[in-house]
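J.: Got a predicted structure here, sequence first:
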Amino acid sequence: MSEYLRLGVNVDHVATIRNARGGRHPDPVRAARLAIAAGADGITAHLREDRRHIRDDDIARLKAEIDKPLNFEMAATDEMVAIAVKTKPHAACLVPEKRTERTTEGGLDVVRQAAQLAPAVAELKRNGIHVSLFIGAAPEQIEAAVRVGAPVVELHTGSWCDAVMEGRKGEAEAEWELIRAGAMRANQLGLEVHAGHGLDYGTAEMIAALSEIVELNIGHFLVGESVFEGLDEAIRAMRLAMDRGRARVKAIS
Ligand code: PXP
């Protein structure tokens with residue numbers, strides 16, 4: 001069991017607000033520094049093909065200017081692999097990307113796309129980058145992640161979070177069970193397990209009770225909350241929620 005659950009803060013939507021006016025404010029790198037000072041264990045940023053939020057120079061500046069691990073979220077394209085190899089972030093999280101989606105809607109289909117994913121995983125690993133695959137928690141996807149050589153999976157929590165938030169109890173329970181069993185299965189297969197998407201204080205506290213999970217990546221809720229309570233306070237509150245959830249594991253074990 002992992003005692004400590006890392007918090008990766010995704011700064012994409014600081015860039016979304018900046019880009020709404022086209023200038024330099026608010027700066028996602030400044031937000032990243034503030035997040036680290038408030039307790040973030042790492043920073044995540046997604047350079048999309050259409051550059052709708054994070055831009056190339058944000059990635060370069062994040063790598064140069066922050067003193068905690070950078071997790072570079074990216075599609076498994078030649079362009080993005082080349083940028084990752086040049087930037088050498090601590091980690092890269094491979095995600096599916098659709099031009100028209102508002103956010104990363106589902107996980108990778110590793111079963112069907114193994115032939116495209118395996119060379120990207122290998123190239124990133126050859127360059128010393130810790131690679132994760134963003135997937136739904138179905139066992140066949142987890143097993144395929146092992147086959148393509150990924151050392152880490154990040155389980156997509158979006159459907160579970162939506163069901164919790166909208167009070168769809170049966171669906172929330174079914175999604176929770178999928179994530180719980182998936183985290184166990186991935187851990188048994190020797191994978192490092194992360195989770196993320198749609199998490200807020202309540203769902204982060206709940207998922208922190210799954211001891212196989214060692215990292216949560218959280219963005220949209222924290223940037224939204226920062227409007228009301230400040231980014232610093234939102235990150236501190238998230239840290240406390242995660243610690244409360246993880247303490248429950250210790251109490252049971
Ligand atoms: N993890 C991955 C792989 C993601 O694509 C995202 C969304 O960019 C997140 C975590 C964070 O999700 P949210 O912004 O909903 O907290």
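T.: Perfect, I can see it now. Numbering: from 1, shown residues only.
J.: And the helices in the stretch 151-253 of the chain?
T.: 158-165, 169-188, 201-207, 220-229, 231-252 (DSSP state H, counting those that start in this stretch).
J.: In CSV: these, plus mean neighbour count, distance to the ligand and mean pLDDT.
T.: For glycine as for every other residue, the C-beta is placed from the backbone atoms N, C-alpha and C. Listed next are those as CSV, based on neighbours: other Cβ atoms under 10 Å; distance: least, Cβ to the nearest ligand atom, whole Å; pLDDT from 0 to 100:
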stretch, mean neighbour count, distance to the ligand, mean pLDDT
helix 158-165, 20, 7, 98
helix 169-188, 17, 14, 98
helix 201-207, 21, 9, 98
helix 220-229, 16, 3, 98
helix 231-252, 17, 10, 92
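J.: Any residue of stretch 73-80 touching the ligand?
T.: Yes: using Cβ under 6 Å from any ligand atom, we find that stretch 73-80 touches the ligand at residue 73.
J.: Restrict that stretch to CA atoms and write it as PDB.
T.: Extracted in PDB, the C-alpha atoms of stretch 73-80 (Å, rounded to 0.1, in the frame of the first residue of the first chain):
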ATOM      1  CA  GLU A  73      -0.300  15.200 -21.600                       C
ATOM      2  CA  MET A  74      -0.200  14.400 -25.300                       C
ATOM      3  CA  ALA A  75      -1.700  12.500 -28.200                       C
ATOM      4  CA  ALA A  76       0.500   9.700 -29.500                       C
ATOM      5  CA  THR A  77       1.300  11.500 -32.700                       C
ATOM      6  CA  ASP A  78       4.800  11.900 -34.300                       C
ATOM      7  CA  GLU A  79       4.600  15.700 -33.700                       C
ATOM      8  CA  MET A  80       3.900  15.300 -29.900                       C
END
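J.: Now do it, average pLDDT.
T.: For stretch 73-80, the mean per-residue pLDDT is 97.
J.: How about the contacts made by the residue in the stretch 51-200 of the chain positioned nearest to the ligand?
T.: At 3.1 Å from the ligand, residue 196 is the closest residue in the stretch 51-200 of the chain, using Cβ to the nearest ligand atom. Shown in contact with residue 196 (Cβ atoms under 8 Å, 6 or more residues apart in numbering): 8, 10, 134, 154, 155, 156, 157, 216, 217, 218.
J.: repeat for residue 206
T.: Each residue near residue 206 by Cβ under 8 Å, 6+ apart is listed here: 164, 176, 245.
J.: Quick one: the helices in the stretch 1-150 of the chain, in order.
T.: 12-21, 28-38, 56-65, 78-87, 114-126, 139-147.
J.: could you dump those helices to CSV with distance to residue 211 and mean neighbour count?
T.: Output for the helices of the stretch 1-150 of the chain, formatted as CSV (distance: least, Cβ to Cβ, whole Å; neighbours: other Cβ atoms under 10 Å):
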stretch, distance to residue 211, mean neighbour count
helix 12-21, 28, 18
helix 28-38, 25, 21
helix 56-65, 30, 16
helix 78-87, 30, 16
helix 114-126, 26, 17
helix 139-147, 17, 19
